[in-house]
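S.K.: Starting from these lines, generate the structure:
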Amino acid sequence: MSARAAIVVQARMGSSRLPGKSLAPIAGRPLLAHVVERLADQGELPVVLATTTLLEDDLLCDEADRLGIAVLRGSADDVLGRYAFAASLLGVPAIIRATADNPAVDLAAAVRTLDILQRSGADYVVDYGLPTGATVEAMTVAALVRAAALATDAYDREHVTPFIRRDGRSRAVDALAPTELRRPDLRFTVDTPEDLDYMRRVYLEAGPAERPWPLAALIAAADRVRERAELEQTGADAR
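M.R.: A predicted model of the protein is given here:
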């Protein structure tokens, strides 16, 4: 692979709080489709699905095939190892980590964090200030492979990047998100049935689009959803 990085999306069907959420429909398309389409919108970096070898995740492979992206499969519990395995096969110097429960991931986040990673010489970069679930993490493959070789704690193996962030041999950078997108008060990730219902309402408010909505448009839609809910509550309190 000749790209300067690859975007690797982790997904599994066996979420404990919301099983099957990666294929739950939002605005008529599976959650995973929203994530992949948004990440692929930048047109430069390839998008790859990293899922498990469990039979239940064959469904995710089928969806990835429909979306036209490659699939790499690995451990269900050792997600850090799954990422390191993917990196070894992809042959790129950097990886962008994304997760399949973020249907409003910022369209520009992957390239933005990668550019900062490469300009700064850091080993790890993440935006802060975005809505929860709107960002990605950029890291060098060298730092990722080192973490996979050294990390022993179950939390580090499951969550991929905490070891890199605190490892003194790796330089981690928290990059301030663009001003117009700094809305840490918003939650755009799907972990629970309530999260899923909320993102459906945000997408319904945003309306149909030929291309993925920019994050700013989804933030505006979320604000309208909140304003409507507040008006409805005010009316209910007045009755």
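S.K.: Pull out the buried residues from the helix or strand bottoming out on mean pLDDT in the chain.
M.R.: Ranking every helix and strand in the chain by mean pLDDT, DSSP states H and E puts helix 215-238 at the bottom, with a mean of 88. For helix 215-238, a neighbour-count test (16 or more other C-beta atoms under 10 Å) marks Leu215, Leu218, Ile219, Ala221, Ala222, Val225 as buried. C-betas here are computed from N, CA, C, even on glycine.
S.K.: what's the answer for stretch 136-152, then?
M.R.: Val136, Glu137, Ala138, Met139, Thr140, Val141, Ala143, Leu144, Arg146, Ala147, Ala148, Ala151.
S.K.: again, but for stretch 196-211
M.R.: Neighbour counts using 16+ other C-beta under 10 Å place Leu196, Tyr198, Met199, Arg200, Arg201, Val202, Tyr203, Glu205, Ala206 of stretch 196-211 among the buried residues.
S.K.: so how far is Thr189 from the fourth one?
M.R.: Think Arg200. Distance, Arg200 to Thr189, by C-beta to C-beta, to the nearest Å: 14 Å.
S.K.: cool, the second one as well?
M.R.: Remark: distance between Tyr198 and Thr189 (C-beta to C-beta) = 10 Å.
S.K.: and if you look at the fifth one?
M.R.: As judged by C-beta to C-beta, Arg201 and Thr189 stand 15 Å apart.
S.K.: Name the residues that touch stretch 108-122?
M.R.: By C-beta atoms under 8 Å, 6 or more residues apart in numbering, the residues outside stretch 108-122 that reach it are 4-5, 7, 39, 42, 44-45, 94, 96, 98, 106, 123-127, 130, 134-140, 171-173, 175.
S.K.: What is the distance between it and the centre of its chain?
M.R.: Relative to the centre of its chain, stretch 108-122 is centred 16 Å away, using C-alpha atoms, centre = their mean, to the nearest Å.
S.K.: Identify each buried residue in that stretch, please.
M.R.: Neighbour counts over stretch 108-122 (16+ other C-beta under 10 Å) mark Ala108, Ala109, Ala110, Val111, Arg112, Thr113, Leu114, Ile116, Leu117, Gln118, Ala122 as buried.
S.K.: Out of those residues, which comes closest to Ser15?
M.R.: When the buried residues of stretch 108-122 are compared for distance to Ser15 (C-beta to C-beta), Ala109 wins out at 22.4 Å.
S.K.: what phi and what psi does the backbone show at that closest one?
M.R.: Backbone torsions for Ala109, taken as degrees, to the nearest 10, come to phi -60, psi -40.
S.K.: Distance check, Gly28 against Glu230.
M.R.: As judged by C-beta to C-beta, Gly28 and Glu230 stand 28 Å apart.
S.K.: rewinding a little: any chance of the buried residues of stretch 108-122 in JSON lines, with pLDDT, distance to Met13 and secondary structure too?
M.R.: Shown next, in JSON lines, are the buried residues of stretch 108-122 (pLDDT from 0 to 100; distance: C-beta to C-beta, whole Å; DSSP: H, G, I helix; E, B strand; the rest coil):
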{"residue": "Ala108", "pLDDT": "97", "distance to Met13": "29", "secondary structure": "coil"}
{"residue": "Ala109", "pLDDT": "97", "distance to Met13": "25", "secondary structure": "helix"}
{"residue": "Ala110", "pLDDT": "97", "distance to Met13": "24", "secondary structure": "helix"}
{"residue": "Val111", "pLDDT": "97", "distance to Met13": "29", "secondary structure": "helix"}
{"residue": "Arg112", "pLDDT": "97", "distance to Met13": "30", "secondary structure": "helix"}
{"residue": "Thr113", "pLDDT": "97", "distance to Met13": "28", "secondary structure": "helix"}
{"residue": "Leu114", "pLDDT": "97", "distance to Met13": "29", "secondary structure": "helix"}
{"residue": "Ile116", "pLDDT": "97", "distance to Met13": "33", "secondary structure": "helix"}
{"residue": "Leu117", "pLDDT": "97", "distance to Met13": "31", "secondary structure": "helix"}
{"residue": "Gln118", "pLDDT": "96", "distance to Met13": "34", "secondary structure": "helix"}
{"residue": "Ala122", "pLDDT": "97", "distance to Met13": "34", "secondary structure": "coil"}
